[in-house]
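Q: Sequence first, predicted coordinates after that:
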Amino acid sequence: MMEKDTIQQALPLDQMLIEQYRKNKELITANDIQYVSKLREKAFQSFMESGFPHSGMEQWRHTDVDMLTEDSYRIEMELPDTKKDIEELFRCDIHNFDTETVSMLNGWYIDKESPLKTLPEGIVIGSIREAMKAYPQIFEKFYGKIAPQNANGFVQINTAMMQDGVFIWIPDGVKSAKTLQIIKIINKEEQLFVQSRNLIVLGKNSELSLMHCDDSVNQQSSLVNTVTEIFVDENAHLELYKLQNLNDQSGLINSTFVQQMANSNIKTNTLTFNCGLIRNNIHVKLDGQGSHADVLGLYLMDKQQHIDNQIRIDHNVANCTSNELFKGILDDEASAVFNGYIHVARDAQKTNAYQNNNNILLTPTATINTMPFLEIYADDVKCSHGATVGQLDQEAMFYIRSRGISADNARLLLMYAFAVDIINEISIEALRQRIDDMVKKRLRGELSVCDKCVLHCGAPEKDYHFDIDLSKI
Amino acid sequence: MLLNIKNLTVAIEGKEIIKGLNLQVNKGEVHAIMGPNGTGKSTLAAAITGREGYEVTEGEIWYKDQNIIDMDADERANLGIFLSFQYPVEIPGVSMTNFMRTAINAQREYRGLPALPAGEFLKLMEEKKKLVDIHSKLTNRSVNEGFSGGEKKKNEIFQMALLQPTLAILDETDSGLDIDALRTVAKGVNQLRSEENAFVVITHYQRLLEYIIPDFVHVMYDGKIVKSGSKNLALELEDKGYEWLKEQNQA
């Protein structure tokens, strides 16, 4: 007999999902508008044909997803009853950092009393299952359209079976007064497979600063498959900070698709502090002239953790600029992949695209595979790429130690110095300082999976072994 | 005696560079070490300051009555040994100010002193900046990043002034300096000279020694000190060159 809200079978994940989709179709589509149901069916068919990507595929060659997808998981098919005190888990208090927070627990939107709300300035934020009924036109225009039709199996199965996620709509001309924060926490005593689906729409001349935190609060393993579609209309401005801090047993497949219209501007900063296996697909389409994208990231991995950043920027029209910079520090037997793909279409003249990936390997057993890839069909463009892999500079180590600074602190100083240009790109001061603290803690090996939100770290750090806040003196 | 090097042999990757060297330095003294390229002058500096990869295969380095050959570079620095680098290292991302504040506080901690409050540190910086005529715009930058050759050398003396070592080793501080920068650097060193500290000045040329007057001059050749004398020895070398040394030592 099947349990009411949780399902587990000793089947590989793909087979289990196919079976569950068939069995629970009514439940899955219960909140749907017709448009979304149709997409589900199509995506389900695609998933049946393709299944999950596997390490035999070029783009997945260096990431062993088979290890994750061949495992068995539980999935929650219905919104579980959550106790009131669960909200304590999500309290985030960064000093001086006023955010509007929405919370997801195990993939479900927590705030049942107001699953869809309109903030004073007109911003709409809430659960995607409520939003599609309230704003069907927006869904028909954008949902499932920013992610490419031929996306991989993780995206397909997300489209087919997603049941919750966050919807944000910033109407034309509206500027968010506060940073919006999505906190996603996985907390379950069983091995869960969680999907969530986000749709974020920025109207013309609008502004949004968004923080998206993925956290685990215990050591139970899980696999999270998130798909986020973002539309950025003309002259709109988006800052997106992704904080990833999950336990060593967790897998996170995170696919973000962005479409930018004329003169829009985005900055994404993906900060990975901890996770067993993580795959970030970030795909930005520059579809309007004069648009600009900064795609930045920092990853600090150790033990046997693995991170795979797949960045794709499509310069589809003329006069757009993009700037990619990913930096990583890998310790122990950690491994990383960086694949930066820039595609410049035939008419995309005056493109200016820059890409860089820098890595420090602290041990001989840490590995990085970095692959810049430029595909250019226009003739009047400026594209450059670079990749570096190195160790900590021994000359610099001796120089620092010769001034009396211990080997440990000299290492920290150099690692921090390496990471700091990504941190400095964080334009919200209170957030920048907190991330700065987190990076120092992480580099010292003192940052654990938080007992609450990743940023819920109480008072800012006081006990500096070294003080290298560049802004202070 | 502040520094007493006894029969020192140093190898890099198995190759002997210093071959039984003796040197004694007392507080209040300035020693110049001269000699042609490749005779082991910089290796000596590295061996005294504890650079990794410089293996002491024989002999002892006594500093303040302890043999320091097994100590790490940072511990030697904390005991008051300073090296002015021949090629100062650029460290992007670490500001000069924070680098020095970290260093001073590391040394204070080692000596059981509380950390220097930010205000006092800034005052100290201002005071020492004047000593070597270094511009604030440099000290606000990352360590040595984008500094000219002369600025880097001034920056070494600036760091020395802040850290107040008991034993300072200046490794070719004069190389790459124009005459004005040379004078500034020398002025800085002379103001720091006292009865409580000592300097070992490594140089090719007699020129620097016109500004930093040494008490003793040693000539190094093939990993050993082959001749020692007063400051007049430097003039003699300037006059005769190093060729005679080679002939004498090959004979």
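A: Received, thanks.
Q: what residues are up against B:E55?
A: The contact partners of B:E55, by Cβ atoms under 8 Å, 6 or more residues apart in numbering or on different chains, come to B:10-12. (C-beta placed from N, C-alpha, C; glycine too.)
Q: Show me what it bridges to in the sheet.
A: The partner list for B:E55 in beta bridges (DSSP bridges) reads B:A11.
Q: low-confidence ranges in chain A?
A: A:1-10, A:82-97, A:217, A:447-473 (pLDDT under 70).
Q: Tell me, domain by domain, which residues of it belong where.
A: Here the domain parsing of chain A from automatic domain parsing is A:6-288, A:393-473.
Q: List just the one of the ones you listed that sits closest to B:K227.
A: Counting by Cβ to Cβ, B:K227 lies closest to domain A:393-473 out of the domains of chain A; the figure is 29.2 Å.
Q: Quickly run through the sheet partners of the helix or strand A:N356 falls within, with directions.
A: Element membership for A:N356 (DSSP states H and E) is strand A:352-361. Applying DSSP bridges, strand A:352-361 is found paired with strand A:321-330 (parallel), strand A:382-390 (parallel).
Q: With mean neighbour count as extra columns, can I get the domains of chain A in a markdown table?
A: Listed next are these as a markdown table, based on neighbours: other Cβ atoms under 10 Å in any protein chain shown:
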| stretch | mean neighbour count |
| --- | --- |
| domain A:6-288 | 19 |
| domain A:393-473 | 18 |
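Q: Nearest to chain B, out of those?
A: The minimum distance between chain B and the domains of chain A falls on domain A:393-473, with 2.9 Å, by Cβ to the nearest Cβ.
Q: In the stretch 101-250 of chain B, which residue sits closest to chain A?
A: For the stretch 101-250 of chain B, Cβ to the nearest Cβ, closest residue to chain A: B:A103, 3.9 Å.
Q: Helix, strand or coil: sort out that residue for me.
A: Using DSSP: H, G, I helix; E, B strand; the rest coil, the secondary structure recorded for B:A103 is helix.
Q: what does A:E140 give?
A: helix.
Q: now B:K187
A: Put simply, B:K187 is helix when judged by three-state DSSP.
Q: Can you check the pLDDT for it?
A: Listed pLDDT for B:K187 reads 92.
Q: Now do the same contact list for it.
A: Per Cβ under 8 Å, 6+ apart, neighbours of B:K187: B:131-132, B:211.
Q: could these go into JSON lines alongside secondary structure and pLDDT?
A: Shown next, in JSON lines, are these (DSSP: H, G, I helix; E, B strand; the rest coil; pLDDT from 0 to 100):
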{"residue": "B:L131", "secondary structure": "helix", "pLDDT": "85"}
{"residue": "B:V132", "secondary structure": "helix", "pLDDT": "85"}
{"residue": "B:Y211", "secondary structure": "coil", "pLDDT": "93"}
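Q: Would you reformat the domains of chain A as CSV and include distance to B:Q66?
A: Converted to CSV, these look like this (distance: least, Cβ to Cβ, whole Å):
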stretch, distance to B:Q66
domain A:6-288, 43
domain A:393-473, 17
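Q: Redo the ones you listed as a markdown table? Include distance to chain B.
A: Formatted as a markdown table, the domains of chain A follow (distance: least, Cβ to the nearest Cβ, whole Å):
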| stretch | distance to chain B |
| --- | --- |
| domain A:6-288 | 17 |
| domain A:393-473 | 3 |
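Q: which of the residues in stretch B:107-115 are buried?
A: Of all the residues in stretch B:107-115, those buried under the rule 16 or more other Cβ atoms under 10 Å in any protein chain shown are B:107, B:115.
Q: Show me the one of the strands paired with strand A:352-361 that comes nearest A:I435.
A: Shortest distance between A:I435 and those, using Cβ to Cβ, is found for strand A:321-330: 13.5 Å.
Q: what's near enough to touch the residue nearest to the residue of the stretch 101-250 of chain B closest to chain A when sequence neighbours are not counted?
A: In space, and not counting its chain neighbours, B:A103 is closest to A:R403: 3.9 Å by Cβ to Cβ, 6 or more residues apart in numbering or on different chains. Applying Cβ under 8 Å, 6+ apart to A:R403 gives the contacts B:74, B:77, B:99-100, B:103, B:106, B:159, B:163.
Q: tell me how far stretch A:64-75 is from the chain's mean position?
A: Computed by Cα atoms, centre = their mean, to the nearest Å, the chain-centroid distance of stretch A:64-75 equals 20 Å.
Q: Return the residues of chain B in contact with chain A.
A: Contacts of chain B with chain A, taken as Cβ under 8 Å from any Cβ of the partner chain, map to B:49-52, B:72-74, B:77-78, B:82-83, B:85, B:88-89, B:91-95, B:97-103, B:106-107, B:110, B:118, B:121-122, B:142, B:159, B:163.
Q: These in helices, which ones?
A: When DSSP state H is applied, the residues of chain B next to chain A are split such that B:49, B:73-74, B:77-78, B:97-103, B:106-107, B:110, B:118, B:121-122, B:159, B:163 fall in helices.
Q: Quick check: ChimeraX command selecting the buried ones in the residues you listed.
A: Buried members of those, defined by 16+ other Cβ under 10 Å, are picked up in ChimeraX with:
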select /B:49,73,74,77,78,97,98,99,100,101,102,103,106,107,121,159,163
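Q: Heading C-terminal from the strand holding A:N356, find the next helix or strand.
A: Following strand A:352-361 toward the C-terminus (DSSP H and E): strand A:367-376.
Q: buried sites along that next one?
A: A:367-368, A:370, A:372, A:376.
Q: Can you add distance to chain B and give the residues you listed back as CSV?
A: Formatted as CSV, these follow (distance: Cβ to the nearest Cβ, whole Å):
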residue, distance to chain B
A:T367, 24
A:I368, 20
A:T370, 20
A:P372, 22
A:I376, 30
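Q: And the residue of the stretch 51-200 of chain B found nearest chain A, how far from A:I146?
A: Minimum separation of the stretch 51-200 of chain B from chain A (Cβ to the nearest Cβ) falls at B:G93, amounting to 2.9 Å. With distances taken as Cβ to Cβ, to the nearest Å, B:G93 is found 36 Å from A:I146.
Q: Who are the contact partners of residue 228?
A: Answering for chain A, as no chain was given. A:T228 touches A:197-200, A:212, A:254-257, counting by Cβ under 8 Å, 6+ apart.
Q: wrong chain, I was asking about chain B
A: The contact partners of B:S228, by Cβ under 8 Å, 6+ apart, come to B:216-219.
Q: Among the residues you listed, which pair sits farthest apart?
A: The widest separation within the contacts of B:S228 (Cβ to Cβ) is 10.9 Å, between B:F216 and B:V219.
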